[in-house]
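Novice: Quick check, what structure comes out for this input:
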Amino acid sequence: MVVAGQPARAQAGLSLSLVTDRPDAARGLVARLAAVSGGTIALNVTQRPSTDAAAFLQLVSSGAADIYLSATEAFVGSNPAFGIFSAMPGGMSPSELEGWMSAGDGRFPAGPAGYGTRHKGLYDRR
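Specialist: Residues are numbered from 1 along each chain as shown. The predicted structure follows:
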């Protein structure tokens, strides 16, 4: 005799807070994340002016926000290492970084958990 039960559900859903100075990009991210997660992951977006972007890192570090979406160069004052992957002089532009990751064998930033294992991230449009 075979008895069928209810389908298992791991979690009811996940809600994350996002602070950003880029509302159009945030709307796209919210839609994309909802689509790939089947609606189980939701982002609650808080929009702040770009003059506040340097504070985003502290908001995430303190737990006041889960995620930020902004330009990385806003955090160079906190730690110069943020300049390595930002669009400031000496760092890569967004298109250069994307090209390095998708076509130039850019294994360093993603490491074995990213590009090296051929997992497609949310940014991947192929």
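Novice: show me where the protein has helices.
Specialist: In the chain, the helices defined using DSSP state H lie at 23-37, 56-62, 94-102, 107-110.
Novice: For residue 69, which of those is the nearest?
Specialist: Of all those, it is helix 23-37 that lies closest to residue 69, at 5.6 Å by CB to CB. Every C-beta, even on glycine, is put in place using the N, C-alpha and C of the backbone.
Novice: Name the residues that touch the closest one?
Specialist: Helix 23-37 has contacts (CB atoms under 8 Å, 6 or more residues apart in numbering) with 18, 20, 41, 42, 43, 45, 47, 69, 122.
Novice: now those: which count as buried?
Specialist: Among those, those classed as buried by 16 or more other CB atoms under 10 Å are 18, 20, 42, 43, 45, 69.
Novice: who's the first one bridged to?
Specialist: Just to be clear, that refers to residue 18. residue 45, residue 67 (DSSP bridges).
Novice: can you list the domain ranges for the protein.
Specialist: According to automatic domain parsing, the chain comprises the domains 14-70, 72-113.
Novice: Least reliable of those by average pLDDT, please.
Specialist: With a mean of 69, domain 72-113 has the lowest mean pLDDT of the domains of the chain.
Novice: Compute the first-to-last residue distance for stretch 72-83.
Specialist: Terminal residues of stretch 72-83 lie 7 Å apart, using CA to CA, to the nearest Å.
Novice: go on, stretch 49-64?
Specialist: Using CA to CA, one end of stretch 49-64 lies 17 Å from the other.
Novice: so who does the nearest residue to residue 44 once chain neighbours are set aside touch?
Specialist: Spatial nearest neighbour of residue 44, excluding adjacent residues (CB to CB, 6 or more residues apart in numbering): residue 17 at 5.0 Å. Shown in contact with residue 17 (CB under 8 Å, 6+ apart): 43, 44, 46, 64, 65, 66, 67.
Novice: which of these sit farthest apart?
Specialist: Largest separation among these by CB to CB: 43 and 64, giving 15.1 Å.
Novice: now, which of the buried ones among the contacts of helix 23-37 sits nearest residue 97?
Specialist: Nearest to residue 97 among those, with distances taken as CB to CB, is residue 69, at 15.5 Å.
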